[in-house]
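In: sequence below, structure please.
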Amino acid sequence: MFKVLIPTDFSENSMNAINYALEFFKYEKSEFYFMHAYQHDVYNHKELLTRIVYDDIVARVKKESEDNLNDLLKAIKKSNPNPRFTYYAISSFNSLVDEADLIVDSKNIDVIVMGTKGASNNSKLTFGSNTLQVLKYVQCPVLAIPENYKYSPPKHVLFPTNYLITYKRRELKLLCQLLAPYRSKIGMLYVSKSEKLSFRQEDNKLFIQESLCKNETNFYTTKSKKVDQAINDYITKNGIDFLVMVNTRHSYLENILFQSTIDKISIKMPVPLLAMQNIKRV
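Out: So this is what the prediction gives:
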């Protein structure tokens with residue numbers, strides 16, 4: 001069984017991510033936790049001018065959140081009567097990141113699914129601020145769905161890696177389980193100025209080969225100084241429909257996400273991105 005957390009702000013992009021998730025997991029028994037954290041909505045409420053109205057606004061926003069979640073569940077159950085699925089709604093006066101952390105730990109969530117942007121994010125940015133915070137700070141794999149992306153089965157998967165990190169067996173197993181129903185072909189892409197691998201890189205590469213046993217896995221090397229450009233070029237030229245990256249120290253994704261401002265994020269997001277966190281969880 002998969003346990004999936006889907007944060008929502010009830011925007012179009014959020015609904016698009018929900019629709020993708022329901023299609024993506026349709027072959028597996030799954031529990032979906034739809035979560036709305038409304039602390040931001042309270043503190044940014046246009047009527048919150050004095051402390052006197054604070055409690056009233058909290059109560060109103062809470063009710064609106066719960067009503068929207070109930071409407072969402074009714075619509076999903078009507079449009080997706082999948083007997084393999086169980087749905088839960090969580091409304092919380094908390095920040096998105098803190099509430100996601102709590103749910104990930106308490107429910108032992110396998111993956112978080114969310115759109116790359118919410119209702120009010122800058123259209124020029126690759127990731128909206130909420131998605132970026134979750135990618136950076138919540139210790140759980142995150143499946144980020146690009147704005148307006150329409151579901152298609154993940155047949156051709158790209159997994160860029162520098163082979164410098166020791167992967168966690170749980171997350172490679174999760175990737176294998178996620179892709180197994182689609183018989184996806186996984187392309188491991190090494191972007192470097194040199195094709196020669198160190199002993200450490202060779203050992204990590206072997207571990208990947210042994211861990212992704214249910215999927216056809218091929219290994220490629222491309223020479224480039226610009227990792228993001230090499231990844232974008234490979235996606236375009238090879239019909240990639242699913243991207244996997246690892247978010248940890250010394251990884252390609254860390255170089256993209258952890259920059260001085262989010263405006264410098266340069267990788268395009270034409271396909272869904274599964275960001276694995278390379279952390280040890282029981």
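In: distance of the residue of the chain most remote from its centre from S11?
Out: Residue farthest from the centre of the chain, counting by Cα atoms, centre = their mean, is I52 at 39.3 Å. Per Cβ to Cβ, to the nearest Å, I52 is found 31 Å from S11. Any C-beta I mention is one placed from the backbone N, CA and C, and that applies to glycine too.
In: wait, what's in contact with G239?
Out: H156 (Cβ atoms under 8 Å, 6 or more residues apart in numbering).
In: can you do 10 Å?
Out: Residues in contact with G239, defined by Cβ atoms under 10 Å, 6 or more residues apart in numbering, are K155, H156, V271.
In: my read: the second one touches I240, true?
Out: Read it as H156. Yes. Between H156 and I240 a contact is recorded at 5.2 Å, counting by Cβ atoms under 10 Å.
In: the strands in the stretch 101-250 of the chain, which residues?
Out: Remark: strands assigned in the stretch 101-250 of the chain by DSSP state E, counting those that start in this stretch are 111-115, 142-145, 156-160, 185-192, 216-223, 242-246.
In: can you redo those strands as JSON lines with mean neighbour count and mean pLDDT?
Out: Listed next are the strands of the stretch 101-250 of the chain as JSON lines, based on neighbours: other Cβ atoms under 10 Å; pLDDT from 0 to 100:
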{"stretch": "strand 111-115", "mean neighbour count": "26", "mean pLDDT": "95"}
{"stretch": "strand 142-145", "mean neighbour count": "24", "mean pLDDT": "94"}
{"stretch": "strand 156-160", "mean neighbour count": "22", "mean pLDDT": "94"}
{"stretch": "strand 185-192", "mean neighbour count": "19", "mean pLDDT": "92"}
{"stretch": "strand 216-223", "mean neighbour count": "13", "mean pLDDT": "91"}
{"stretch": "strand 242-246", "mean neighbour count": "24", "mean pLDDT": "90"}
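In: pLDDT weak spots in the stretch 101-250 of the chain?
Out: 118-127, 248-250 (pLDDT under 70).
In: can you pull out the helices in it?
Out: Per DSSP state H, counting those that start in this stretch, the stretch 101-250 of the chain carries helices over the ranges 129-137, 169-179, 199-211, 227-237.
In: so which elements touch the last one?
Out: The one in question is helix 227-237. strand 156-160, strand 185-192, strand 216-223, strand 242-246, helix 252-257 (3 or more Cβ pairs under 10 Å, 6 or more residues apart in numbering; DSSP states H and E).
In: what comes up buried for it?
Out: For helix 227-237, burial by neighbour count (16 or more other Cβ atoms under 10 Å) applies to V227, D228, A230, I231, N232, Y234, I235.
In: next: the second one.
Out: Of the residues in helix 169-179, those scored as buried under the neighbour-count criterion (16+ other Cβ under 10 Å) are E171, L172, L174, L175, C176, L178, L179.
In: mind giving me the packing neighbours of it?
Out: strand 2-7, strand 111-115, strand 156-160, strand 185-192, helix 199-211, strand 242-246, strand 273-276.
In: which one of these lies closest to V134?
Out: Closest of these to V134 is strand 111-115, at 6.4 Å (criterion: Cβ to Cβ).
In: parallel or antiparallel, list what pairs with the closest one.
Out: Applying DSSP bridges, strand 111-115 is found paired with strand 2-7 (parallel), strand 142-145 (parallel).
In: centre of the chain to the shortest one, how far?
Out: Relative to its parent chain, strand 142-145 has a centroid offset of 2 Å by Cα atoms, centre = their mean, to the nearest Å.
In: again with stretch 221-234
Out: In this view, stretch 221-234 has its centroid 22 Å away from the chain centroid, taken as Cα atoms, centre = their mean.
In: next one: stretch 234-246
Out: The answer for stretch 234-246 is 15 Å, by Cα atoms, centre = their mean.
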